[in-house]
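S.K.: Sequence first, then the predicted structure:
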Amino acid sequence: MNNLDSLKQKLDAGYNWPMEYLFKFIVPARMDSIARVEALFQEHATVYRKESRNGKYISISASQTMQSSNEVIHVYKKAMHIENILAL
């Protein structure tokens with residue numbers, strides 16, 4: 001079983017859908033990386049950025065209403081295509 005299957009099981013067991021879900025990612029502090037992560041979310045999502053102490057990385061947190069665990073997994077699958085991304 002891969003990590004996304006395990007996450008889906010945990011989401012289905014522990015959450016009532018729809019709900020507000022908080023995503024957290026870390027990417028290199030390059031505008032293309034930041035833009036690609038922010039593009040994962042809808043217009044009405046609340047997105048926060050925080051620069052690392054040395055300025056090399058950006059932490060991006062996004063809160064968005066998700067209808068199901070499948071929607072959450074879909075975002076993580078799209079994020080996997082972003083170079084050097086770390087999902088928390």
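M.R.: That came through, no problem.

S.K.: How about the secondary structure of the residue nearest the centre of the chain?
M.R.: With distances taken as CA atoms, centre = their mean, residue 23 lies nearest the centre of the chain, 3.7 Å away. Under DSSP: H, G, I helix; E, B strand; the rest coil, residue 23 falls in the strand class.

S.K.: got the contact list for the nearest residue to it once chain neighbours are set aside?
M.R.: Counting by CB to CB, 6 or more residues apart in numbering, residue 62 is the residue found nearest to residue 23 once chain neighbours are left out, at 4.8 Å. For glycine as for every other residue, the C-beta is placed from the backbone atoms N, C-alpha and C. Listed by CB atoms under 8 Å, 6 or more residues apart in numbering, the contact partners of residue 62 are 22-23, 38, 40-41, 45-48.

S.K.: change it to 10 Å
M.R.: Listed by CB atoms under 10 Å, 6 or more residues apart in numbering, the contact set of residue 62 reads 21-25, 37-38, 40-42, 45-49, 75.

S.K.: between those residues, which is nearest residue 81?
M.R.: Taking CB to CB as the measure, residue 81 lies nearest residue 40 of the contacts of residue 62, at 10.0 Å.

S.K.: any idea of the pLDDT on that closest one?
M.R.: In the prediction, the pLDDT value recorded for residue 40 is 95.

S.K.: what's the answer for residue 30, then?
M.R.: So residue 30 comes in at 89 (pLDDT).

S.K.: so what's the backbone phi/psi at residue 66?
M.R.: Residue 66 has phi and psi values of phi -120, psi 140 when expressed as degrees, to the nearest 10.

S.K.: So what sits opposite it in the bridge?
M.R.: residue 19 (DSSP bridges).

S.K.: what's around it, how many residues?
M.R.: 20 (other CB atoms under 10 Å).
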